[in-house]
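Colleague: need coordinates for the below:
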Amino acid sequence: MDKKGLLLGLILLIQVPPYIIQSRCEHRVTDNSLSERTVTRAAAVSVALCDLPAPDEDLVVKYDEMKATFKRRLENLWGKMQAAAADNPNAQAAKDAIANNEKVGTAREVFSAIGDEVAPVVDKARTGLLSVYSYYLRPHVGETLQQSIDKIKSVLDQVMPADN
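Modeller: Have a look, this model is predicted:
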């Protein structure tokens, strides 16, 4: 493409389409600062999120039980996969290669450290979400959600049981 064609293309890109009215595109705040209304709303939301009520104790217990059960399901599935792969010589060679690889060990240490650092933040977020659910949503959708969870549990018990 020659210089003239490139310049024409740039001019076409820079031009404002005719359906946009320039006078309506000006920003209300021109000094690159936030408006007072925006700052006030952000502060109100921030304070409102800090004042969440504590979640119901039975909800926290139920959540912890479901979390522990799902962890057992995953551990059981992992054990079954390892048992199935134990007979396969290729799987054993891959396992040995991974165990002897320094990069995998380093990555494991890094992810473990990240998990330790992030745990308090995740716990605080979990508590906040359980509070919001307990206070705002549970009265409206709690029973329906519990029925859905029970149906999912029955399927998981057949596909991925928690105990052997």
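Colleague: buried residues, whichever strand or helix holds E75. List them.
Modeller: E75 belongs to helix 57-86 when assigned by DSSP states H and E. Within helix 57-86, the residues that qualify as buried are V60, Y63, R73, counting by 16 or more other CB atoms under 10 Å. C-beta coordinates here come from the backbone N, C-alpha and C atoms, glycine included.
Colleague: take those residues and lay them out in a markdown table including distance to K80.
Modeller: Listed next are these as a markdown table, based on distance: CB to CB, whole Å:
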| residue | distance to K80 |
| --- | --- |
| V60 | 31 |
| Y63 | 26 |
| R73 | 11 |
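Colleague: on that earlier part again, what mean pLDDT does the helix or strand that comes right after the helix holding E75 have?
Modeller: Sequence order places helix 89-100 as the next helix or strand after helix 57-86, per DSSP H and E. Over the span of helix 89-100, the pLDDT mean works out to 80.
Colleague: what about the residue lying closest to A85 once chain neighbours are set aside, neighbour count?
Modeller: Spatially, and ignoring its direct neighbours in sequence, A85 is nearest to A91 (3.7 Å; CB to CB, 6 or more residues apart in numbering). For A91, the tally of surrounding residues (other CB atoms under 10 Å) stands at 14.
Colleague: other SSEs contacting the helix holding E75?
Modeller: helix 89-100, helix 102-132, helix 138-159 (3 or more CB pairs under 8 Å, 6 or more residues apart in numbering; DSSP states H and E).
Colleague: if I look at the closest residue to I149 other than its chain neighbours, how far off is V159?
Modeller: Closest residue to I149 apart from its sequence neighbours, by CB to CB, 6+ apart: M66 at 7.4 Å. Look at M66 and V159: by CB to CB, to the nearest Å, they are 16 Å apart.
Colleague: so N76 is in contact with V159, correct?
Modeller: No. Taking contacts as CB atoms under 8 Å, N76 lies outside contact range of V159: 11.3 Å.
Colleague: the residue lying closest to M160 once chain neighbours are set aside: what's it in contact with?
Modeller: Nearest non-adjacent residue to M160, counting by CB to CB, 6+ apart: R73, 4.9 Å away. With contact set as CB atoms under 8 Å, 6 or more residues apart in numbering, R73 has these partners: L156, M160, P161, A162.
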